[in-house]
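Novice: Sharing a model prediction with you, sequence too.
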There are 2 protein chains.
Amino acid sequence: MIESKQNHRVKRWKKLHKRKYRDQEGQALVEGWHSVEEVLKSDWHVNELIIKESIELPQIWKTYEHVVVTEDVFSELSQTETNQGIIAVVEQPQEQSIPTAPRKILCLDGIQDPGNLGTIIRSGLAFEIDLIVLGEGTVDVFNHKVIRATQGALFHMPVIRDEILNWIDYSKQHQIPVYATALDQQALPLHDVKGGNSYTVIMGNEGNGVRPELIQQADYSLYIPIASQSESLNVAIASSIVLYHFQQLT
Amino acid sequence: MIESKQNHRVKRWKKLHKRKYRDQEGQALVEGWHSVEEVLKSDWHVNELIIKESIELPQIWKTYEHVVVTEDVFSELSQTETNQGIIAVVEQPQEQSIPTAPRKILCLDGIQDPGNLGTIIRSGLAFEIDLIVLGEGTVDVFNHKVIRATQGALFHMPVIRDEILNWIDYSKQHQIPVYATALDQQALPLHDVKGGNSYTVIMGNEGNGVRPELIQQADYSLYIPIASQSESLNVAIASSIVLYHFQQLT
């Protein structure tokens, strides 16, 4: 049992709270029973489980490398208000896990709120998206709040960080129509958008929407009609409604 | 300028962080520029604005009763990590502000996450719901996280706390069909649900869904088809997709 916060493994794990170190080490922390259960069921590589001393690890999980730590040490590592006493240290999946020929792609242009990103990933899995591309300015997908909001969906959904323009190019080469959400003159109301078996959808930042240079490159722009009294929809809501609509058309 | 945290007004405002006192006083705090701007534009009654000393109040807002407080006192009152220096003390709207004959009603059975409730209210306004009914076990609508997540929509959307059964009865009396989300044998996939100009939709708790006794009272149960790999949708997402669907049918 690890009893000291100064232990070198504890210090190394704690560094994973920061994006810089997560990227450097290619690792991340996954916290809580439900998320850990989901990551163990997935093809992600789990390096070890960190367990609080008062927690009884289920028998079947004991086959995994696990380390028991004191309450105090666990509190140092936990990123939740009331922790459940379990954290998995996982490897970030590598680029080779991208599907070979994605035909339903969701590109996110600068989503900043971790809860929004996590919820969008959860909806992406539900509505059968093949690949999610996180453009510049999007919050880190290995942020603990993002992981929690995905409710395990992250471990079953290919997500990469890349220039969105690359995926507009890919879509054009593969005859996949590209749709961006926008409020311009040419934008189509969502219900008039006729889709098919393949589509690339671009959703934008909470405050500013999709960048104009991306909208220009898209084949179509679309919007969700809302009441005049209403300013806008939350971006996770808007993304999910668009994905639901396209899923209905396949 | 108020300089002491012991000032009786400061103590009274701070009590409004707790639901018990909010209900007792019939008041609530609305924090941040965007939310304050929205509440001032609405028909809610604003008692006073609390301003941090370093903040310049826009000229047009100076007609409102406003109180300047020190940085220290403001931090005591603020419920955000990085405050914007402005809080409105508002009266909770009274029951008489319920629309007289609502025909598009959303009932929430035990929504616990403040972000979810706020986002649902925002979508309710966007998709022209007349009334939102918060059943037992639903988080307080005057919770600061709920207010923030509504992005101002709360001030334009009638929301009441009541027994959902009362609104099922109301709906039956007024020939308004009642739909509950459920995963039972009879549930209809959302795309097969044909709506009309009036509907009552019941959405349930994050973990447990709608209570069986309410599902039994509903005219129809429905579900949103999702990929087999996916466990479920976030409840704010599910609610918004259902409201979008019904709005398309009117």
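Specialist: Perfect, thanks for sending it.

Novice: helices and strands around the biggest helix by length in chain A, which ones?
Specialist: Scanning chain A for the longest helix, with DSSP state H as the assignment, gives helix A:235-249. Helix A:235-249 is packed against strand A:104-109, helix A:114-126, strand A:178-181, strand A:199-204, helix B:114-126, helix B:235-249, with contacts defined by 3 or more CB pairs under 8 Å, 6 or more residues apart in numbering or on different chains; DSSP states H and E. C-beta: built from backbone N, CA, C; applies to glycine.

Novice: how about that helix: buried residues?
Specialist: Neighbour counts over helix A:235-249 (16 or more other CB atoms under 10 Å in any protein chain shown) mark A:235-247 as buried.

Novice: what do you get for stretch A:98-117?
Specialist: In stretch A:98-117, counting by 16+ other CB under 10 Å, buried: A:98, A:102-111, A:113-117.

Novice: what angle separates the longest helix of chain A from helix B:114-126?
Specialist: Put simply, helix A:235-249 runs at 60 degrees to helix B:114-126, going by axes from the mean of the first three to the mean of the last three CA atoms, to 10 degrees.

Novice: Now for the residue lying closest to residue A:183 once chain neighbours are set aside, how many residues are close by?
Specialist: Residue nearest to residue A:183 in three dimensions, not counting chain neighbours: residue A:223, with 5.8 Å by CB to CB, 6 or more residues apart in numbering or on different chains. The tally of other residues near residue A:223 (other CB atoms under 10 Å in any protein chain shown) stands at 17.

Novice: one step back: turn the helices and strands packed on helix A:235-249 into a markdown table, columns for mean pLDDT and distance to residue B:163.
Specialist: A markdown table is the format used below for the helices and strands packed on helix A:235-249 (pLDDT from 0 to 100; distance: least, CB to CB, whole Å):
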| stretch | mean pLDDT | distance to residue B:163 |
| --- | --- | --- |
| strand A:104-109 | 98 | 40 |
| helix A:114-126 | 98 | 30 |
| strand A:178-181 | 97 | 39 |
| strand A:199-204 | 98 | 38 |
| helix B:114-126 | 98 | 18 |
| helix B:235-249 | 97 | 20 |
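
Novice: Just tell me which of the ones you listed ends up closest to residue A:69.
Specialist: Nearest to residue A:69 among those is helix A:114-126 (25.5 Å), distances taken as CB to CB.

Novice: Map the structural domains onto the sequence of chain A.
Specialist: A:8-92, A:96-249 (automatic domain parsing).

Novice: from those domains, which stretch is densest packed?
Specialist: Burial among the domains of chain A, expressed as mean neighbours by mean count of other CB atoms under 10 Å in any protein chain shown, is greatest for domain A:96-249, which shows a mean of 20.

Novice: Please tell me how far that domain is from the chain's geometric centre.
Specialist: 11 Å (CA atoms, centre = their mean, to the nearest Å).

Novice: Tell me the residues of chain A that contact chain B?
Specialist: Contact residues, chain A versus chain B (CB under 8 Å from any CB of the partner chain): A:115, A:119, A:122-123, A:125-128, A:149, A:151-153, A:156, A:191, A:224, A:226-227, A:229-234, A:236-237, A:240-241, A:244, A:248.
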